[in-house]
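1. predicted model, plus sequence, below.
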Amino acid sequence: MFRRLSAAVHRQLQVTATLGHRRTAAAASSRSHFLGFVRPYSVSSVAADDPSSLIASSLTRSCGISDHAALSISKKVQPDALDKALSVLAVFKDYGFEEAHLVRLVDRYPRSLLMDVEKTLKPKLEFYCGISLVGTALPEIVSASPRLLTASLEKRLIPNVEFLKSILKTNENLVDALKYSPWLFAFDTRTAVLPKVDALRAYGVPDDVILVLLTRCGYALVADTDRFNDAFDAVKKMGICSKKSTFAHALGVLAIFPKKKWLEKMENLRELGWSQNHILEAFAKFPYIVRASTEKIRKTVKFVEEKLGWTPEHTVKNPSVLALSLEKRLMPRYAVLSILVHMGLIKPCFIGSHFKISDKNFLVRFVTKYQEKAPEIVEAYQKVKSDI
């Protein structure tokens with residue numbers, strides 16, 4: 001077998017055009033130089049008893065990828081399937097896959113190197129391009145979720161897109177759903193998703209909220225039915241308005257959030273002086289608060305209480321503040337605002353919007369605007385950031 005492998009590799013090394021690209025040997029050499037290769041390729045430099053090295057050398061020569069990427073991929077190439085692997089990789093490169101995408105894809109789904117280029121691979125890639133999954137989005141999503149290459153085009157992908165588009169309406173929404181929840185395309189949506197969508201509609205959830213659920217939290221709709229139903233019941237009991245997008249986000253969070261962790265998060269907030277109503281009000285406004293670590297929540301609550309003078313009643317009105325970076329957002333802005341308050345340039349209170357607006361807007365409204373009257377705010381703002 002090794003002799004057959006060596007012969008196959010040497011045949012590939014004699015090819016002067018890359019499969020699918022028809023690059024000349026000179027172009028391949030130029031690309032290698034551009035990528036920073038300083039060691040010239042030499043067949044004699046490859047260990048005679050190392051099949052992976054022989055394959056890696058062929059991959060570097062034919063695909064124009066780095067030695068490191070080629071070696072990583074070579075470990076997944078079957079010795080007698082080098083030609084097929086090179087054909088597959090050439091197609092992926094034609095569709096915009098860079099070497100980082102190729103390494104990730106092959107590592108997660110080695111059998112992709114055995115796909116039939118004409119019957120399977122190209123039709124699926126063309127299908128995804130047809131729903132506007134183009135540019136860098138295609139290699140990013142497919143390499144991160146190679147299951148998208150395993151689903152049957154006729155039996156799964158096309159029917160799923162037809163069903164999802166009946167709700168999502170546009171290719172742009174389809175691509176959003178694919179970015180956040182690629183599993184939607186791999187599951188049988190008519191059996192896994194449709195019953196849940198019907199239940200939501202029966203409760204009065206409008207299609208625009210269901211659209212948010214599909215495009216941002218689609219994983220909730222492919223979750224186990226019992227788990228989904230438990231999350232659905234919990235959100236209803238909280239009284240979250242089904243007409244608002246927060247309903248979709250709350251359902252999306254609870255559908256995959258372990259009950260044990262949910263209870264731990266609530267207990268942590270109770271220890272900080274929050275009542276059950278405080279917790280539910282904060283979650284209804286900003287469901288993603290439960291994703292912040294216990295330590296992060298404790299540190300931030302301590303900061304807003306001690307520095308900003310906020311009570312739990314104030315904090316639950318601005319729960320998203322607890323998810324902001326303490327070091328990169330809250331502390332630098334507090335340094336500026338406290339100086340402005342002390343100098344009487346702004347009202348002596350700290351409100352949620354002070355910390356939720358963008359960095360650009362904050363700088364315009366509170367740094368640039370007052371830097372002549374209070375030049376020390378520039379130094380204070382920069383010092384806090386540089387000390388972190």
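-> Great, that's in hand.
2. going forward, measure contacts and count neighbours with C-alpha atoms only.
-> OK.
3. thought residue 217 was touching residue 248?
-> Yes - using Cα atoms under 8 Å as the test, residue 217 is close enough to residue 248 to be in contact (7.4 Å).
4. what about those two, which has more around it?
-> residue 248 (28 against 23; other Cα atoms under 10 Å).
5. I'd like to know which helix or strand in the chain has the lowest mean pLDDT.
-> helix 25-34 (a mean of 38; mean pLDDT, DSSP states H and E).
6. following that one, which helix or strand comes up?
-> Where DSSP states H and E defines the elements, the next helix or strand beyond helix 25-34 is helix 51-63.
7. now the element after that next one, going C-ward?
-> Going down the chain from helix 51-63, the next helix or strand is helix 67-74, by DSSP H and E.
8. name the helices or strands packed onto that following helix?
-> Packing contacts for helix 67-74, counted by 3 or more Cα pairs under 8 Å, 6 or more residues apart in numbering; DSSP states H and E, involve helix 51-63, helix 99-108.
9. ranking these by burial, who's on top?
-> Most buried of the helices and strands packed on helix 67-74, by mean neighbour count (mean count of other Cα atoms under 10 Å): helix 51-63, with a mean of 24.
10. now find how far off-centre that helix is within its chain.
-> Chain-centre distance of helix 51-63: 31 Å, with Cα atoms, centre = their mean, to the nearest Å.
11. same question, stretch 227-239
-> For stretch 227-239 - counting by Cα atoms, centre = their mean - the centre lies 26 Å from the chain centre.
12. neighbours of residue 236, how many?
-> So residue 236, with other Cα under 10 Å, has 15 neighbours.
13. so what's it up against?
-> For residue 236, the contact set (Cα atoms under 8 Å, 6 or more residues apart in numbering) is empty.
14. helix or strand for it, which one?
-> Going by DSSP H and E, residue 236 is in helix 225-238.
15. and the angle from the helix or strand following that helix to helix 225-238?
-> Using DSSP H and E, the helix or strand that follows helix 225-238 in sequence is helix 245-256. Helix 245-256 runs at 140 degrees relative to helix 225-238, counting by axes from the mean of the first three to the mean of the last three Cα atoms, to 10 degrees.
16. pull out the buried positions in helix 245-256.
-> Neighbour-count burial for helix 245-256, counted by 16 or more other Cα atoms under 10 Å, picks out 245-256.
17. just the CA trace of that helix, in PDB.
-> Taking Å, rounded to 0.1, in the frame of the first residue of the first chain, the C-alpha atoms of helix 245-256 are listed here in PDB:
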ATOM      1  CA  SER A 245     -39.400  39.900  21.100                       C
ATOM      2  CA  THR A 246     -38.200  39.400  24.600                       C
ATOM      3  CA  PHE A 247     -40.700  36.500  24.700                       C
ATOM      4  CA  ALA A 248     -38.700  34.700  22.000                       C
ATOM      5  CA  HIS A 249     -35.400  35.400  23.800                       C
ATOM      6  CA  ALA A 250     -36.700  34.300  27.100                       C
ATOM      7  CA  LEU A 251     -38.000  31.100  25.600                       C
ATOM      8  CA  GLY A 252     -34.700  30.600  23.700                       C
ATOM      9  CA  VAL A 253     -32.700  30.900  26.900                       C
ATOM     10  CA  LEU A 254     -34.900  28.600  29.100                       C
ATOM     11  CA  ALA A 255     -35.200  25.900  26.400                       C
ATOM     12  CA  ILE A 256     -31.500  25.100  26.700                       C
END
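18. quick one, the following helix or strand past that helix and helix 225-238 angle?
-> Using DSSP H and E, the next helix or strand after helix 245-256 towards the C-terminus is helix 259-271. With the same axes, to 10 degrees applied, the angle from helix 259-271 to helix 225-238 works out at 30 degrees.
19. counting by contacts, list what helix 259-271 packs against.
-> By 3+ Cα pairs under 8 Å, 6+ apart, helix 259-271 packs against helix 276-285.
20. which positions in the helix it packs on come out as buried?
-> In helix 276-285, counting by 16+ other Cα under 10 Å, buried: 278-285.
21. for residue 84, what are its contacts?
-> Contacts of residue 84 (Cα under 8 Å, 6+ apart): 113-114.
22. roughly how far apart are it and residue 104?
-> 19 Å (Cα to Cα, to the nearest Å).
23. do the same with residue 281
-> Counting by Cα to Cα, the gap from residue 281 to residue 104 is 41 Å.
24. quick revisit: in JSON lines: the helices and strands packed on helix 67-74, plus distance to residue 302.
-> Below are those laid out as JSON lines (distance: least, Cα to Cα, whole Å):
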{"stretch": "helix 51-63", "distance to residue 302": "55"}
{"stretch": "helix 99-108", "distance to residue 302": "41"}
